[in-house]
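S.K.: Everything below, folded, please.
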Amino acid sequence: MSTTIALASARTEVASFLEALIQVYTLCVIAYILLSLVQSAGMRVPYNVVTSAIFKFFNDAVEPFLAFFRRFIPPLGPFDLSPIVAILLLQIVGGIVVSLVRG
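M.R.: Numbering: from 1, shown residues only. So this is what the prediction gives:
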């Protein structure tokens, strides 16, 4: 009986962790988009070590994920719709995985 309760508790904790991880990654994608807009507008100090490190972190963390979607979704003029599709798919698939783990 206590083993079943422990397993159920562990599944709930893993599901909560996955849900939080998906939300954090979604926020990272949004932050990367905003930083890209700021950089393209020229409002970033070019040789600032801190801002360069922050942008490099988001670039290394998010760009491989977005590059997968950019192979299939071409930009429409100046608009890149791949982050929107990536976020939507991340939320949908993440919600399904979380609900399967939660049971």
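
S.K.: Kindly tell me how buried D60 is, as a neighbour count.
M.R.: With neighbours defined by other Cβ atoms under 10 Å, the count for D60 comes to 9. Quick note: C-beta positions are derived from backbone N, CA and C, even for glycine.

S.K.: For L81, see how far away I73 is.
M.R.: Separation of I73 from L81 (Cβ to Cβ, to the nearest Å) stands at 6 Å.

S.K.: Same drill for these two, tell me which one is more crowded.
M.R.: Just comparing I73 and L81: by other Cβ under 10 Å the higher neighbour count belongs to I73, 16 against 13.

S.K.: Which residue is the nearest non-sequential neighbour of that one?
M.R.: S82 (4.7 Å; Cβ to Cβ, 6 or more residues apart in numbering).

S.K.: Can you name the residues that contact that neighbour?
M.R.: 66, 69-70, 73, 75 (Cβ atoms under 8 Å, 6 or more residues apart in numbering).

S.K.: what do you get for M43?
M.R.: Per Cβ under 8 Å, 6+ apart, neighbours of M43: none.

S.K.: mind running it again at 10 Å?
M.R.: M43 sits next to L37 when contact means Cβ atoms under 10 Å, 6 or more residues apart in numbering.

S.K.: Give me the next element, helix or strand, following the longest helix along the chain.
M.R.: Ranked by residue count, the top helix of the chain under DSSP state H comes out as helix 2-40. Later in the chain than helix 2-40, the nearest helix or strand by DSSP states H and E is helix 49-70.

S.K.: Please check the contacts of S82 and keep the buried ones.
M.R.: Among the contacts of S82, the ones that count as buried by 16 or more other Cβ atoms under 10 Å are 66, 69-70, 73.
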